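1. my questions are about this predicted structure, shown below with the sequence.
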Amino acid sequence: MFNLKKYIVYKNLVIIPTYNERENIVSIVEATLSQPIENLHVLIIDDNSPDGTASLVKKLQSHFGDRLHLVERTGKLGLGTAYITGFKWALEHNYEYIFEMDADFSHDPNDLPKLYRACTVDGAHLSIGSRYKSGVNVVNWPIGRVLMSYFASVYVRFVTRMKIMDTTAGFKCYNRKVLEAIDFDRIKFKGYAFQIEMKFNTWKHGFNIIEVPIVFTDRKQGFSKMSGGIFNEALWGVIKIKFSSFFRSYKKHEHQK
C-alpha cells in the first residue's frame, strides 16, 4: 500500500529563548542549522537583551534568510512565557515538530537528530533529552547542584506519579498535536516548574513520552540564569500542579503515529 506519510517533508522549528547570550548566539544558531534535519528552522525569543543579542540575530538573518526568525519582547518575562510565545508562533506557522533548546550549549545541537528520530520513527509525541535516563550524565556542575537536580526529579516523580527520569529537562521535541491539546492559558509557571507542568499536561493527555539519553554540559560562555526563586517555584509548584489536576479533566489522546 502506498504510504504518503513517508514522502511528507515536515517543517521543524527549534525555539531558543535568549537573554544576554551575545557570546553564544552566533555559534548556537550556526550549529543548530547545520544539523541533518530537513526543513529545520530556528526561532529566537529575545527578552530585550541589553548586550545586543537581538542585533546579532538580525545580522545572521541576512545569511540564513527564512530559516532564522526573531521575536523581540519588551523585557525579561520568564522562560515559560518565552516558550509559550514560541509555541503559539510555531502553530500559527504550521510547524510539525517543535524543539526547546538552551542557547548556551548545555544542550548539544548534535543531539537534535536523536530527539527528532524518537518522534518521527519511534512514535513519541514528546521526546526528552534526559540527563538521568542512563545514570547521571552531567558535566561541569558542582556535586551539590547535581544532587539537587537529580533529587528534584525523584521528588517530582513521587508527587505526580509520572515515570519520567528527568522531569525538569528543557531539551525536548514536541509533535504539534501535543501543543494543540494543551491550554496555554492554564500553564501558570515560568521557571523549572514550567518544564514540569508541560510534561505533566502531556502525560495527563495520554501522549507517548520517550526519554533519549544525552550528556548535559554546563555553559562555558555567559552567565547562568538559575536562581533560588526558580528552584523554590519548582518545589512548591509541583504540589500545586498535582492538586489542581484533581479539579480538571484531560482529553485522552489515542496513540496513533
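-> Now that the structure is in, tell me what you want to look at.

2. surely residue 114 is within a strand?
-> No - residue state for residue 114 (DSSP: H, G, I helix; E, B strand; the rest coil) corresponds to helix; a strand is not indicated.

3. that one against residue 212, yeah?
-> Yes - with contact defined as C-beta atoms under 8 Å, residue 114 counts as touching residue 212 (5.0 Å). C-beta: built from backbone N, CA, C; applies to glycine.

4. what residues are shared contacts of the two?
-> Common contact partners of residue 114 and residue 212 (C-beta atoms under 8 Å, 6 or more residues apart in numbering): 127, 129.

5. more crowded one of these two?
-> Neighbour totals were compared for residue 114 and residue 212, and residue 212 leads with 23 against 15 (other C-beta atoms under 10 Å).

6. which strand or helix spans the more buried one?
-> Assigned by DSSP states H and E, residue 212 belongs to strand 209-213.

7. just checking: what are the partner strands of that strand?
-> Strand pairing for strand 209-213, determined by DSSP bridges: strand 126-130 (parallel).

8. quick one: buried residues of the partner strand?
-> In terms of neighbour count (16 or more other C-beta atoms under 10 Å), strand 126-130 has its buried residues at 126-130.

9. just the strands in this protein please.
-> In the chain, the strands defined using DSSP state E lie at 12-18, 40-46, 68-72, 97-100, 126-130, 138-139, 172-175, 209-213, 216-217.

10. lowest-confidence stretch among these?
-> Among the strands of the chain, strand 138-139 carries the lowest mean pLDDT, at a mean of 79.

11. centre of the chain to it, how far?
-> Relative to its chain's centre, strand 138-139 lies at 18 Å (C-alpha atoms, centre = their mean, to the nearest Å).

12. strand partners (parallel or antiparallel) of that strand?
-> Strand 138-139 has these strand partners (DSSP bridges): strand 216-217 (parallel).

13. other residues contacting the partner strand?
-> Residues outside strand 216-217 that contact it (C-beta under 8 Å, 6+ apart) are 105-108, 129, 131, 137-140, 171.

14. report the distance from it to the chain centre.
-> Here strand 216-217 is found 15 Å from its chain centre; the criterion is C-alpha atoms, centre = their mean.

15. likewise stretch 155-169?
-> Taking C-alpha atoms, centre = their mean, one finds the center of stretch 155-169 at 16 Å from the center of the full chain.

16. what of stretch 164-184?
-> That offset, for stretch 164-184, works out to 7 Å (C-alpha atoms, centre = their mean).

17. sorry, back to before: lowest-confidence one in the contacts of strand 216-217?
-> Among the contacts of strand 216-217, residue 140 has the lowest pLDDT, at 73.

18. any idea how far that one is from residue 29?
-> Computed as C-beta to C-beta, to the nearest Å, the residue 140 to residue 29 distance reads 23 Å.

19. more neighbours, the two?
-> The neighbour comparison of residue 140 against residue 29 (other C-beta under 10 Å) goes to residue 29, with 24 against 11.

20. the more buried one reaches residue 61, doesn't it?
-> No - using C-beta under 8 Å, residue 29 is not in contact with residue 61; the gap is 9.6 Å.

21. joint contacts of those two?
-> Common contacts of residue 29 and residue 61 (C-beta under 8 Å, 6+ apart): residue 68.

22. my guess is residue 94 contacts residue 11. True?
-> Yes - the pair residue 94 / residue 11 is scored as a contact, 6.0 Å apart, by C-beta under 8 Å.

23. which of the two has more residues huddled nearby?
-> For residue 94 and residue 11, the more surrounded residue by other C-beta under 10 Å is residue 11, and the numbers stand at 16 against 10.

24. and residue 88, how far is that from residue 167?
-> For residue 88, the distance to residue 167 - C-beta to C-beta - is 24 Å.
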